[in-house]
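Novice: Build me a structure from this.
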Amino acid sequence: MNHDIAMRWVADLRTNPPQCTGMLHDGAGYCCLGRLCVVLGVEFLRHGELYVPESDPYESELLPEDVKQESGLRTRDGRSWNNSNSLVEMNDSHMTFREIADFIEQHWQEL
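Specialist: From the prediction side, this is the model:
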């Protein structure tokens, strides 16, 4: 993953914005990957009951491909090459943004 983007993402997560699970954005909070979208300037649009990234209006749960490419993440769910858990799984198992930020800070090269 791109180091500069990873550190901007870590700093954002440590501001403790509202967190949600099961989707990138629920209208009030974001999952950790949704916050990466915000860091990279992706706008979210309401599409029926869902909020979706403007760049990928058919995706509400995984990172849009363009954000994956820009950030340098290996996968759209934030799975590191040597960790069995993805960032999506960490977020949805109710790890806090601060805990996820600590993981990203320590493992950004593997993501």
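
Novice: In the chain, which residue sits furthest out from the middle?
Specialist: G48 (21.8 Å; CA atoms, centre = their mean).

Novice: any idea of the pLDDT on that one?
Specialist: pLDDT recorded at G48 is 85.

Novice: Same check on S84?
Specialist: At S84, pLDDT is 73.

Novice: how far away is it from N2?
Specialist: 23 Å (CB to CB, to the nearest Å). All C-beta spots, glycine's among them, are computed from the backbone N, C-alpha and C.

Novice: Same question for M90.
Specialist: 20 Å.

Novice: For the chain, give me the ranges with low pLDDT.
Specialist: 83 (pLDDT under 70).

Novice: Helices along that one, start to end?
Specialist: Taking DSSP state H, the helices of the chain run over residues 3-13, 32-39, 65-71, 87-92, 97-107.

Novice: Tell me which of those helices sits nearest to G22.
Specialist: helix 87-92 (6.3 Å; CB to CB).

Novice: buried ones in that closest one?
Specialist: 87-88, 90-92 (16 or more other CB atoms under 10 Å).

Novice: show me the contacts for R98.
Specialist: R98 makes contacts with 13-14, 16, as judged by CB atoms under 8 Å, 6 or more residues apart in numbering.

Novice: between these, which is nearest I104?
Specialist: For the contacts of R98, the nearest to I104 is L13 (7.4 Å; CB to CB).

Novice: wouldn't the closest one be in contact with C31 here?
Specialist: No. Contact between L13 and C31 fails when scored by CB atoms under 8 Å: they sit 10.7 Å apart.
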